[in-house]
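Visitor: Could you look at this predicted model? Sequence included:
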Amino acid sequence: MSENQNKNLLLRSPIVVIMGHVDHGKTSLLDFIRRTNITAKEAGGITQSIGAYEIEHNSKKITFIDTPGHEAFSKMRGRGAKVADLAILVVAADDGVKPQTKESIDIINETKTPFIVAINKIDKPNADIEKTKNDLMANGVLLEGYGGNVSWQAISAKTGQGVNELLDLILLAAEMENLTYNPEENASGVIIEAKADSRSGIIVSAIVKNGVLKTGDKIATPSACGKIKNLENFLGKKVADLSPSSPAMILGFETLPQIGEEFVSGNIELAEIKMGTTGKIPTQFVSEKEGLMTLNLILKADVSGSLETLSEIIKTLGSETVKINIINESIGEITDGDIKSAVSSNAIIAGFRVKTNKIAENLAKAQNAKIILSEIIYELVEKIQDEVKLLEKPLPQGELEVLKIFNQKGKKQLVGGKVIAGKIKNNSRLKILRDNNEIGSGKIASLKKIKQEVNEVLLNEECGLIFESDIAVNAGDRLIWQ
């Protein structure tokens, strides 16, 4: 670096990520720091898949990145450490080192991120600080005073004991790192979240690492570009510019950037956007390999972080006889394009915290495309597991969806339906499924298509049938020929 460039350098505040095992008090610590340093009114509503906010301590700023704690979010935790200048490793004094603590230590070591240990929950009666220190030593974390140089602080995120001292350690560590930026250079940083909003368009959360981010500047990542139309700080206040190490909310990307990507902004030539491809779309449920069943899925989620997490969890599902194949994944509402893709590839659409637009809803009904939705990620996973279980059973020779009940007299029922899988034959016995549960069975006494008696009805054809059963069928039930 030249002498002139050195002269332009200014100090910037540290970007800190807090990591640790679930239930060890990471969120409680972040909440305590935020409540203490940001007014309650200002702090309201700062909830993102990866949140970021600034606090002030001893007249100096610190930016915190909040990363989820569950093991399924390991990728996001890794990304959080990569973005950060410093890490806080939270370990509960009543629990010691746990699997996610070890994983966090691995991420910190891999990314070579300087870190401080916070031994939390010292207010608990069964807290054992010495045991926790020994636990850390056994896992390669050598604390100051114990043969190493890793700073540590005993704290209680519940009472606030030791938290100010922890913040002092962060500022001291930041001084030692000599964190600087050049205000004359193009702004750069890291994307930490991205989502598509039906009213505002594409909204991107980012952390500025160098330069000054300004409204009106061009902005680009390896996968997306645009022009900054609106810039907000982490409190949602509109600003003209943001300096490092500020969290930023950016409006102006033309397409969705990927979380974890680095961005550059300023007087730049916008890079070409290389759209990713999902490869060849499978057209059958049955894999060629050893007759293995395949469940094709199209994933939709509200934001990139949720989508990535859902995708990672789903990849661990499946069974010895059924494999799961994600043919496409994207964020935003479910559209008619998603329905067409699902129909052409025999896929189920799984949506997390998304809605289905009206056109897509009507097309899904017309094309018998299956959509499963949930606001809770593990509830959605359970629904997908139910679909796996259905595929584990022998494939039916045919399946008919009951569209309308015309007449029911005793055991005989005049039913209108549509064949949605295989074919249906006259005089065959059919199982009755309601909400994926078998509730009984019956027999076809007569099968008609366009008022003509027929022996069989094929896929996507509608028909009328006299169905004999002790169970009264309802519209929406499925009749299965096994």
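Guide: Yes, it's here.

Visitor: what's the residue closest to the geometric middle of this protein?
Guide: Against the mean C-alpha coordinate of the chain, by CA atoms, centre = their mean, the closest residue is Ser306 at 1.4 Å.

Visitor: Contacts only, for Gln258.
Guide: 191, 194, 221-224, 304 (CB atoms under 8 Å, 6 or more residues apart in numbering). All C-beta atoms are positioned from the backbone trio N, CA, C, and that covers glycine.

Visitor: Check Leu363 too.
Guide: Residues near Leu363 by CB under 8 Å, 6+ apart: 336, 339-340, 369.

Visitor: if you set the cut-off to 6 Å instead, what comes out?
Guide: 336, 339 (CB atoms under 6 Å, 6 or more residues apart in numbering).

Visitor: got a list of contacts for stretch 324-343?
Guide: 196, 278, 281, 294-301, 304, 307, 311, 314, 317-318, 345, 347, 349, 351, 354-357, 359-360, 363-364, 367, 369.

Visitor: Can you measure across it, start residue to end residue?
Guide: Stretch 324-343 has an end-to-end distance of 17 Å (criterion: CA to CA, to the nearest Å).

Visitor: Likewise for stretch 193-212?
Guide: Termini of stretch 193-212 sit 20 Å apart (CA to CA).

Visitor: One more: stretch 246-266?
Guide: Using CA to CA, the end-to-end distance of stretch 246-266 comes out at 17 Å.

Visitor: Any idea how far that stretch is from the middle of the chain?
Guide: Put simply, stretch 246-266 sits 18 Å off its chain's centre (CA atoms, centre = their mean, to the nearest Å).

Visitor: Report the buried residues of that stretch.
Guide: Of all the residues in stretch 246-266, those buried under the rule 16 or more other CB atoms under 10 Å are 246-253, 256-257, 259-266.

Visitor: Stretch 28-37 now?
Guide: Buried, per 16+ other CB under 10 Å, within stretch 28-37: 28-30, 32-34, 37.

Visitor: Which of the contacts of stretch 324-343 fall within strands?
Guide: 196, 294-301, 347, 349, 351 (DSSP state E).

Visitor: Tell me the one of these nearest Ile377?
Guide: Of all the ones in strands among the contacts of stretch 324-343, Ile377 sits closest to Ala301, with 8.9 Å by CB to CB.

Visitor: any idea how far Leu430 is from the closest one?
Guide: Shown here: Ala301 relative to Leu430, a distance of 37 Å by CB to CB, to the nearest Å.

Visitor: With Asp197 instead?
Guide: 46 Å.

Visitor: And for Leu251?
Guide: From Leu251 to Leu430 the distance is 55 Å (CB to CB).

Visitor: likewise Met293?
Guide: 22 Å.

Visitor: Of those two, give the one with the bigger neighbour count.
Guide: Leu430 (25 against 19; other CB atoms under 10 Å).

Visitor: tell me which element the closest residue in space to that one that isn't next to it in sequence falls in.
Guide: Excluding its sequence neighbours, the residue lying closest to Leu430 (CB to CB, 6 or more residues apart in numbering) is Leu479, at 4.1 Å. In this structure, Leu479 sits in strand 478-481 according to DSSP states H and E.

Visitor: Kindly export that strand (C-alpha atoms) in PDB.
Guide: C-alpha atoms of strand 478-481 as PDB (Å, rounded to 0.1, in the frame of the first residue of the first chain):
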ATOM      1  CA  ARG A 478     -59.000 -39.900  -3.300                       C
ATOM      2  CA  LEU A 479     -59.900 -43.400  -4.500                       C
ATOM      3  CA  ILE A 480     -56.800 -45.600  -4.800                       C
ATOM      4  CA  TRP A 481     -56.600 -48.800  -7.000                       C
END
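
Visitor: which strands and helices sit next to that strand?
Guide: strand 398-409, strand 429-434 (3 or more CB pairs under 6 Å, 6 or more residues apart in numbering; DSSP states H and E).

Visitor: so how far is Asp128 from Asn139?
Guide: Taking CB to CB as the measure, Asn139 falls 16 Å from Asp128.

Visitor: What residues are bridge-paired with Val415?
Guide: For Val415, the beta-bridge partners under DSSP bridges are Ile405, Leu465.

Visitor: Roughly how far does it sit from Leu391?
Guide: 26 Å.

Visitor: coming back round to it: rank the ones in strands among the contacts of stretch 324-343 by pLDDT and give me only the lowest.
Guide: Lowest pLDDT of these: Ala196, 76.

Visitor: Look at it and say how many residues are nearby.
Guide: 19.

Visitor: Tell me which stretches of the stretch 101-250 of the chain form helices.
Guide: Ranges of helices in the stretch 101-250 of the chain, per DSSP state H, counting those that start in this stretch, are 129-138, 163-177.
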